[in-house]
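Chemist: Just to be clear, the model below is a prediction. Sequence and coordinates:
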Amino acid sequence: MEDFTKLIRAYALRNALDFGKVDAGRILPKLFAHGLEKSNIGTILPLITQIVHEVNALSISAREKAFGPLASLLPEHEEKEKTLPPLPDARQGTVVTRLPPEPSKHLHVGHGLSFLLNADYARSYGGKVVLRLEDCNPEKCTQAYADSIIRDITEYLQIHLASISYVSDDMPQLLDYAVRLIQKGEGYMCFCSQEQMRDFRHAGKECACRTASVEKTLIHWRDFVEGLYGPGNAVLRHKGDMSHDNHVMRDSVLWREVDAIHFRHKKRYKIWPMYDFYNAIEDSVMGVTHVLRSNEFHQRGALQQAIRLALDLRQPTVVEYGRFSVAEKTTKGREIRELVESGAYIGWDDPRLVTLQALRRRGISKEVLIALMHQVGLKKAEVIFEFPMIAAVSRKLIDATTERFTFVPDPIEITVSGAPTGLTEIAFPLHPNKPETRTERITPGVVYLSQSDWELYKGKEIRLLHGYNLRLHATKKEGTYTSTENKAIPKVTWVSTFALPARVLMDDGTWVEGKVLEDVASLKLGTVVQFERFGFCKLDKVVKKGTGHVYEFWFTHP
Ligand SMILES: [Zn+2]
């Protein structure tokens, strides 16, 4: 058997650089194109496992270094494909796509990617994208959620919206369409209990309400509109097919009564349309040409089509793609609301969340989401994001331009003897690939190291990164200057007595206290920097404390 070691290492490294972590399952299929025989799988698997293990243990810079000489072994990068597939039935200048959030929660990364996909298609066809706030659940929808959604879309994602509308403002029209549906004999008033109806739908049996005449249904409908029956006692159902294989077609509820104050229309309406009803109509009457949606809505599509057919409404072109979900992070509005309300999370922008607010506050740029959207495109299978994927894309985008800084977590003071007295400044490079430096003041007698570096290196000779060499005492927090020669000894981040207090909010919600280079005072709020040997962080706030300030950062990613 041919030696596949180098090739496996090359694939594993590229995978690790793209996704933050190697998945062994991604490597084996690639090897067949390089002549691996099926009979050799048993021999090759332990080798893959071993190499994946090694690569996962490497730091990012070590991965980059190791990948360089192996890159030429691999065929052109398949994931480089940046253009989305063409839309069916799309003509230049006429495409209209829509963003249909319900203002009952804040947006997460899945919404963000889907909205960017819609915006990207509209733009590439010279068309437009509209925002439609689907606010037909007065018990859950609020203006505050609507405002937050608009902010996320216009300020963070920077999508240019042709219009912003609220479905509830179309209520007169939606009520008219309901009457038309009844007149066509495709809707009926049902007075059965929920339990009864669940049994009927399960058994595929029709209820007695279904046979009422159009005239009688219209009379009941008028009473229903006035709220005469009370919530839960009557609904308008679609007259579908109670034995249909697709259960959505088994006489779904289209309108229900809700006793709640709507944030825009107060108590003006007693009844409200369900998702399939307003969605079907709005997509058609708003002039939406292309509905791009995840295939979890596939079953509902048939009902929406039937409603439009009954009302002689235009059918938009529907394009489905796999659902975007995020591994291990909660995206459910209800769960997040509970975590926020109980105080366990600091808000909807808590760094443990993948809401757009959280990503924005951590310093993930919208370009990262655009790159991810191009990467997943219109894949049919569910796409499960892991945060390391977001981090890997972001790192690739920002690494070359992000300034380096020093942050020493849990700093401890080390007394230094023997350092040249003339040494009062040290130049820190702004970036390893750039000649510019920042000059930091130092006192030759004292440096700060992190508690963990001290534990690791006491008794040994270390190099203060970008500075000089020091032999640490084995027990006492002291060190002796040795030289400035750049030799193969551990390089340790450090700061001087002029360093400023700083803290970083990590992605597990905990704070790490420390000290940061004095030059941090020149940073603008919102700037992302890379703390060497620590990770990318965004300056979030400068808080007054005593006579000075504490610089608060949010951890962006490693
Ligand atoms: Zn009934």
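Modeler: Yep, it's here. Numbers count the residues shown, from 1 in each chain.
Chemist: Hmm, residue 99 and residue 129 touching each other?
Modeler: Yes: Residue 129 lies in contact with residue 99 (CB atoms under 8 Å); the separation is 6.5 Å. Placement of C-beta: from N, CA and C, glycine included.
Chemist: Overlap in contacts, those two.
Modeler: Common neighbours of residue 129 and residue 99, using CB atoms under 8 Å, 6 or more residues apart in numbering, are 118-119, 159, 161.
Chemist: Let's have these in a markdown table, adding neighbour count.
Modeler: Shown next, in a markdown table, are those (neighbours: other CB atoms under 10 Å):
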| residue | neighbour count |
| --- | --- |
| 118 | 26 |
| 119 | 22 |
| 159 | 21 |
| 161 | 16 |
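Chemist: check contacts around the closest residue to residue 537 other than its chain neighbours.
Modeler: Spatially, and ignoring its direct neighbours in sequence, residue 537 is nearest to residue 553 (4.0 Å; CB to CB, 6 or more residues apart in numbering). Contacts for residue 553 (CB under 8 Å, 6+ apart) come out as 407, 502-505, 537-540.
Chemist: A helix includes residue 553, no?
Modeler: No: residue state for residue 553 (DSSP: H, G, I helix; E, B strand; the rest coil) corresponds to strand; a helix is not indicated.
Chemist: May I have the beta-bridge partners of it?
Modeler: Beta-bridge partners for residue 553, by DSSP bridges, are residue 504, residue 539.
Chemist: Sort out which one of the contacts of residue 553 lies nearest the ion for me.
Modeler: Nearest to the ion, judged by CB to the ion, of the contacts of residue 553 is residue 505 at 54.3 Å.
Chemist: Report how many residues lie close to that closest one.
Modeler: 22 (other CB atoms under 10 Å).
Chemist: And it, how close does it get to residue 311?
Modeler: Residue 505 sits 52 Å away from residue 311, taking CB to CB, to the nearest Å as the criterion.
Chemist: do residue 42 as well
Modeler: Counting by CB to CB, the gap from residue 42 to residue 311 is 61 Å.
Chemist: Looking at the two, which is more packed in?
Modeler: residue 311 (18 against 8).
Chemist: for the more buried one, what are its contacts?
Modeler: 177, 180-181, 184, 281.
Chemist: Assign whichever residue of the stretch 451-558 of the chain sits closest to the ion to one of the three secondary structure states.
Modeler: Using CB to the ion, residue 509 is the residue of the stretch 451-558 of the chain that sits closest to the ion, at 49.5 Å. Secondary structure, three-state DSSP: residue 509 is coil.
Chemist: got a list of what the closest residue to it other than its chain neighbours touches?
Modeler: In this structure, residue 509 finds its nearest non-sequential neighbour in residue 352, 5.3 Å apart by CB to CB, 6+ apart. Residue 352 makes contact with 329, 345, 358, 507-509 under the criterion CB under 8 Å, 6+ apart.
Chemist: Also residue 442?
Modeler: Neighbours of residue 442 in contact, by CB under 8 Å, 6+ apart: 423-426, 467, 496-498.
Chemist: Now, of those, which are buried?
Modeler: In the contacts of residue 442, burial by neighbour count holds for 426, 467, 496, counting by 16 or more other CB atoms under 10 Å.
Chemist: Distance check, the first one against residue 437.
Modeler: Summarising the geometry, the distance separating residue 426 from residue 437, computed by CB to CB, is 9 Å.
Chemist: how about the residues of the chain near the ion?
Modeler: 190, 192, 207, 209 (CB under 5 Å from the ion).
Chemist: Show me which of those is closest to residue 263.
Modeler: residue 190 (28.7 Å; CB to CB).
Chemist: So what does residue 22 look like in phi/psi?
Modeler: Main-chain torsions, residue 22, degrees, to the nearest 10: phi -90, psi 140.
Chemist: So what's the residue count around it?
Modeler: Close neighbours of residue 22, defined as other CB under 10 Å, add up to 24.
Chemist: quick one: it and residue 14 touch, right?
Modeler: No: using CB under 8 Å, residue 22 is not in contact with residue 14; the gap is 9.1 Å.
Chemist: Then residue 75 would be within a strand, right?
Modeler: No: under three-state DSSP, residue 75 sits outside any strand and is assigned coil.
Chemist: and it, what is it in contact with?
Modeler: Neighbouring residues of residue 75 by CB under 8 Å, 6+ apart: residue 33.
Chemist: how much space between it and residue 15?
Modeler: As judged by CB to CB, residue 75 and residue 15 stand 14 Å apart.
Chemist: do the same with residue 222
Modeler: 63 Å.
Chemist: Give me the more crowded residue out of those two.
Modeler: Ranked by neighbour count (other CB under 10 Å), residue 222 and residue 15 place residue 15 first, with 22 against 11.
Chemist: Quick check: that one touching residue 24?
Modeler: No: counting by CB under 8 Å, residue 15 does not reach residue 24; the two are 9.4 Å apart.
Chemist: Spell out which residues are contacts of both of the two.
Modeler: The overlap between the contact sets of residue 15 and residue 24 (CB under 8 Å, 6+ apart) is empty.
Chemist: Helix, strand, or coil at residue 381?
Modeler: Assigned with three-state DSSP, residue 381 falls in the coil class.
Chemist: if you skip the residues just before and after it, what's nearest to it?
Modeler: residue 322 (4.7 Å).
Chemist: That neighbour: neighbour count?
Modeler: As a burial measure, residue 322 scores 17 neighbours (other CB under 10 Å).
Chemist: my guess is it contacts residue 292, does it?
Modeler: No: at 12.0 Å, residue 322 and residue 292 do not qualify as touching, with contact defined as CB under 8 Å.
Chemist: In contact with residue 334, which residues?
Modeler: If a contact means CB under 8 Å, 6+ apart, then residue 334 has no contacts.
Chemist: quick one on the thing from earlier: which two among the shared contacts of residue 129 and residue 99 are spaced furthest apart?
Modeler: Farthest pair in the shared contacts of residue 129 and residue 99, by CB to CB: 118 and 161, 10.7 Å.
Chemist: what residues do those two have in common as contacts?
Modeler: Taking CB under 8 Å, 6+ apart as the criterion, residue 118 and residue 161 both touch 99, 129.
Chemist: So which residues make contact with stretch 313-322?
Modeler: Identification of contacts with stretch 313-322 by CB under 8 Å, 6+ apart yields 87-90, 117, 280-281, 283-285, 288-295, 297-298, 301, 305, 307-309, 376-383.
Chemist: Let's see which of those end up in strands.
Modeler: 290-294, 383 (DSSP state E).
Chemist: Most neighbours among these, which one is it?
Modeler: Sorting these by how many neighbours each has (other CB under 10 Å) puts residue 290 first, at 24 neighbours.
Chemist: and the spatially most central residue of the chain, how far is that from the ion?
Modeler: By CA atoms, centre = their mean, the chain has its centre lying nearest to residue 109, at 2.5 Å. Distance from residue 109 to the ion, counting by CB to the ion, to the nearest Å: 42 Å.
Chemist: mind listing what that residue touches?
Modeler: If a contact means CB under 8 Å, 6+ apart, then residue 109 has 324, 326, 331, 354-356, 359, 369, 385, 390 as its contacts.
Chemist: Kindly report the same for residue 110.
Modeler: Contacts for residue 110 (CB under 8 Å, 6+ apart) come out as 323-326, 331.
Chemist: quick one: which of those residues is most hemmed in?
Modeler: Busiest of the contacts of residue 110 [other CB under 10 Å] is residue 324, holding 23 neighbours.
Chemist: Which strands or helices does the helix or strand harbouring residue 462 pack on?
Modeler: Using DSSP states H and E, residue 462 maps to strand 461-464. Packed against strand 461-464 by the contact rule (3 or more CB pairs under 8 Å, 6 or more residues apart in numbering; DSSP states H and E) you find strand 469-472, strand 491-492.
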